[in-house]
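Participant: Pasted the sequence and its predicted model underneath.
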Amino acid sequence: MTKYHMNRKEQEIAEPSVLLEIIKQGKYAVISLCRDNEPYLVALNYGYDKNRNALYFHCSQKGLKLDFITYNPGVCATVIEDKGYQMGECSHAYRSVVFWGKMHIIKDLPEKKHAIDVLLNHLEDDPDLVKEKFVKSDEAFEEVGILRLDITEMTGKQG
């Protein structure tokens, strides 16, 4: 991929800890996919796994996004911390992270279980309550699709 410099360098977020803070605080990512020069964009909630530097997503086990990922697992995504439009300033306050990586469709039961833990710990105030309600047995994991995005590069911006 061709590297570009940020036009407004003063808005760049270069500190890895700040980029990770934005990811850890976010609840959904917008994922961009491509197949045969056809773009597809989807927003998915996620859980961040710091040990793998990866995002886990849950989804259906069939559908358009899986077709795109199977064809081309290279993705670009963003997480945005929206701080709102600034009235009278013609400006918007935000912090965002754009990242690139490879998306994997997870079939392995132990990794699916790990992914659900990561997702629920990231998204839920009481993850154990949700686990008890929805994932009582191994069979429950067979019905859910799991994706893992291994992050290879990140950049950030604030305004």
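Facilitator: In hand now; what should we look at? Numbers count the residues shown, from 1 in each chain.

Participant: If you count neighbours, what's buried in the lengthiest strand in the chain?
Facilitator: The strand spanning the most residues in the chain, taking DSSP state E as the definition, is strand 91-106. Residues of strand 91-106 classed as buried: 94, 95, 96, 97, 98, 99, 100, 101, 103, 104, 106 (neighbour count, 16 or more other Cβ atoms under 10 Å). Just so you know, the C-beta spots here come from the backbone N, C-alpha and C atoms, and that holds for glycine as well.

Participant: The third one is in contact with residue 83, isn't it?
Facilitator: By that I understand residue 96. No: using Cβ atoms under 8 Å as the test, residue 96 is too far from residue 83 to be in contact (10.7 Å).

Participant: And the strands in the chain?
Facilitator: For the chain, the strands defined by DSSP E cover 12-13, 28-35, 38-45, 47-49, 54-59, 74-86, 91-106, 145-158.

Participant: And these: which comes nearest residue 126?
Facilitator: Proximity to residue 126, assessed across those by Cβ to Cβ, is greatest for strand 47-49 (15.0 Å).

Participant: Closest to the mean position in this structure, which residue would that be?
Facilitator: The residue lying closest to the centre of the chain (Cα atoms, centre = their mean) is residue 29, at 4.3 Å.

Participant: Identify whichever of the strands of the chain lies nearest to residue 134.
Facilitator: Evaluated with Cβ to Cβ, the strands of the chain place strand 54-59 nearest to residue 134, the distance being 10.5 Å.

Participant: Tell me which strands the closest one pairs with, and in which orientation.
Facilitator: Here strand 54-59 has these sheet partners by DSSP bridges: strand 47-49 (antiparallel), strand 145-158 (antiparallel).

Participant: Name the residues of the last one that come out as buried.
Facilitator: Which is strand 145-158. 145, 146, 147, 148, 149, 151, 154, 155, 156, 157.

Participant: hmm, who's touching the biggest helix by length in the chain?
Facilitator: Criterion DSSP state H: the longest helix present in the chain is helix 109-123. Contacts of helix 109-123 with the rest of the structure, by Cβ atoms under 8 Å, 6 or more residues apart in numbering, involve 24, 27, 45-49, 56-58, 106, 127, 130-131, 135, 138, 141, 144, 146, 148.

Participant: Of the strands paired with strand 54-59, give the one that comes closest to residue 77.
Facilitator: Using Cβ to Cβ, the nearest of the strands paired with strand 54-59 to residue 77 is strand 145-158, at 6.7 Å.

Participant: Noted, bye for now.
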